[in-house]
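>>> next come a sequence and a model predicted from it.
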Amino acid sequence: MLEVKNIKYAYNSEYQALKGVSLKIEKGEMVDFKEFAKDEKSLVTDFCMTEGEEYPSFKGIQTIAGLLAGNLAFGIYLLGAFVAGFSMCMLNIVVNPMLNKLAGGGNKGNQLVQVGGSFNSLMGTAVIFLTGVFVPSIVDAKISQVFPLMGIALAIFAVAFVVVMLTNIPENAPAAAEVKGEKSQYGPMSFRHFVLGAIAIFVYVGVEVGIPNVLQKWLNFVSTPAIAGTVTATYWLLMLVGRLAGAALGAKVSAKAMLSVVSAVGACLTLGAIFLSPETMVNLPVFKGTAGFGMASVPVNAALLVLCGLCTSVMWGGIFNLAVEGLGKYTEKGAGIFMAMVCGGGILPFFQNLVVDLTGGNYLVSYWVIVAGMAYMLYYALIGSKNVNKDIPVA
């Protein structure tokens, strides 16, 4: 038993910050130290007090990112993130209009876009399995362990390249050349329903990312990092389930009706998460990667937020289909603008986390940002998606 005094930050059972307290800690005990472990619990493995130090220092579990040092490693990470993000944007610019065109637009177009989204989620879920297989322990992880995963990715890219090159994919005929010196007065932004749809995509991506992002941070405090990770993985798994359901129903249910229902239900689930007491615990089936499924005891708020994954799963396809309906030759340009609006995935979560900071760490209050986003998407589905610019020539 070691008595540690004058700890700068400690936490009581309600996870409220306490300054200047003394704790009796046994070696190996799980303790919260915001100063040293940031938002995660650190396993205390050793204690040392050097002369002149006001607070004891702790050696604990570190993430791979913590082991990487220097600007070079961070620069390589940023370069990889840029390449991945750029490739994803280019892919969606091409694929979404193509799927919509192949199906002939309307409900069929929405259905095919949902099918494409289902494969996207399927691969995202598969990565969780494969990462668990190749990197069984994050503590002892080595970059060499993910080489097989990179090899699989390269093989998929190679096969996709060959298939695309050998497949005759129908494309829109190039637009007639404009008269020299004459500038077209129309474009995607000339359509009100497209402009509102682009804003809806901005909001949607922020909502889709913000829900699990803040949820995992909150659960790191009120539960354990292990449970937080599995609960977040379950959110993404439900997005796969929702997209598969959306693909099955897409031909029978209009994009407007689908977006209206999931926006309203998502808003209700989020409001429930805000107002219900976190002390109410429920057993939630969670996805544990290669370990399969299991039960985790979590606050009811977390369970409601996880269910939002079913709602956010079909929003992209619904918004895209409604926004490009009636654009004709402007569809491709519209898809490019849509992909620029995915920056909402970085901007809205920033403001949501800002609310957390301004409210003294009240994570659930920050979900009012999500409620506002759901409300806007409901407005777009019911009112904003109507094409009021049918007089603009699109042929």
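Yep, that arrived.

>>> can you pull the contacts of Thr331?
Residues near Thr331 by C-beta atoms under 8 Å, 6 or more residues apart in numbering: Pro97, Asn100, Lys101, Asn172, Pro188, Val324. Where C-beta positions appear, they are placed from N, C-alpha and C, glycine not excepted.

>>> next secondary structure after the strand or helix carrying Gly346?
Taking DSSP states H and E as the criterion, Gly346 maps to helix 344-358. Using DSSP H and E, the helix or strand that follows helix 344-358 towards the C-terminus is helix 368-379.

>>> report the angle between the axes of the one helix or strand Leu196 maps to and helix 368-379?
Per DSSP H and E: Leu196 is located in helix 192-222. Relative orientation of helix 192-222 versus helix 368-379 (axes from the mean of the first three to the mean of the last three C-alpha atoms, to 10 degrees): 150 degrees.

>>> just checking, next helix/strand downstream of helix 192-222?
Later in the chain than helix 192-222, the nearest helix or strand by DSSP H and E is helix 225-249.

>>> would you mind listing the buried residues in that following helix?
Using 16 or more other C-beta atoms under 10 Å as the test for burial, helix 225-249 gives 225, 227-240, 242-247, 249.

>>> quick one: low-confidence parts of the stretch 51-200 of the chain?
For the stretch 51-200 of the chain, the stretches with pLDDT under 70 are 51-71, 92-93, 105-107, 110, 125, 128-129, 132, 136-139, 141, 170-184.

>>> what about the longest helix in this structure?
Determined from DSSP state H, the single longest helix within the chain is helix 71-103.

>>> quick one: distance of that helix to the chain centre.
In terms of C-alpha atoms, centre = their mean, to the nearest Å, the centre of helix 71-103 is set 15 Å apart from its chain centre.

>>> if we can go back for a sec, highest neighbour count among the contacts of Thr331?
Counting neighbours by other C-beta atoms under 10 Å, Val324 leads those with 27 neighbours.

>>> pretty sure that residue sits against Pro97.
Yes: counting by C-beta atoms under 8 Å, Val324 does reach Pro97; the two are 7.0 Å apart.

>>> find residues that contact each of those two.
Residues touching both Val324 and Pro97 comprise Thr331, Gly334, Ala335, with contact defined as C-beta under 8 Å, 6+ apart.

>>> doesn't the second one lie inside a helix?
Yes: assessed by DSSP: H, G, I helix; E, B strand; the rest coil, Gly334 belongs to a helix.

>>> pull up the gap between it and Ala340, please.
Relative to Ala340, Gly334 is positioned 11 Å away (C-beta to C-beta, to the nearest Å).

>>> these two: which is more packed in?
Between Gly334 and Ala340, counting by other C-beta under 10 Å, Gly334 is the more crowded of the two (22 against 12).

>>> for Trp218, see how far away that one is.
According to C-beta to C-beta, Gly334 and Trp218 sit 37 Å apart.

>>> same deal with Leu249?
Applying C-beta to C-beta to Leu249 and Trp218 gives a distance of 32 Å.

>>> domains in this structure, by residue range?
Following automatic domain parsing, one finds the domains of the chain at 2-63, 87-138+188-384.

>>> among those, which is nearest Ile392?
If you check each of these against Ile392 by C-beta to C-beta, domain 87-138+188-384 wins as the nearest, at 5.8 Å.

>>> can you give me the end-to-end span of that closest one?
30 Å (C-alpha to C-alpha, to the nearest Å).

>>> next one: stretch 354-367
OK, stretch 354-367 end separation, C-alpha to C-alpha: 11 Å.

>>> look up which residues are beta-bridged to Ala296.
On the basis of DSSP bridges, Ala296 is bridged to Leu284.

>>> quick one: contacts for the residue nearest the centre of the chain?
Nearest to the geometric centre of the chain sits Val209, at 3.0 Å (C-alpha atoms, centre = their mean). By C-beta under 8 Å, 6+ apart, the residues touching Val209 are Gly345, Gly346, Leu348, Pro349.

>>> how much space separates it from Gly272?
21 Å.

>>> same for the longest helix of the chain, what does it pack against?
In terms of contacts (3 or more C-beta pairs under 8 Å, 6 or more residues apart in numbering; DSSP states H and E), helix 71-103 is packed against helix 106-134, helix 315-324, helix 331-340.

>>> among the ones you listed, which is nearest Leu284?
Taking C-beta to C-beta, helix 106-134 is the member of these nearest to Leu284, at 17.1 Å.

>>> fine by me, we can end here.
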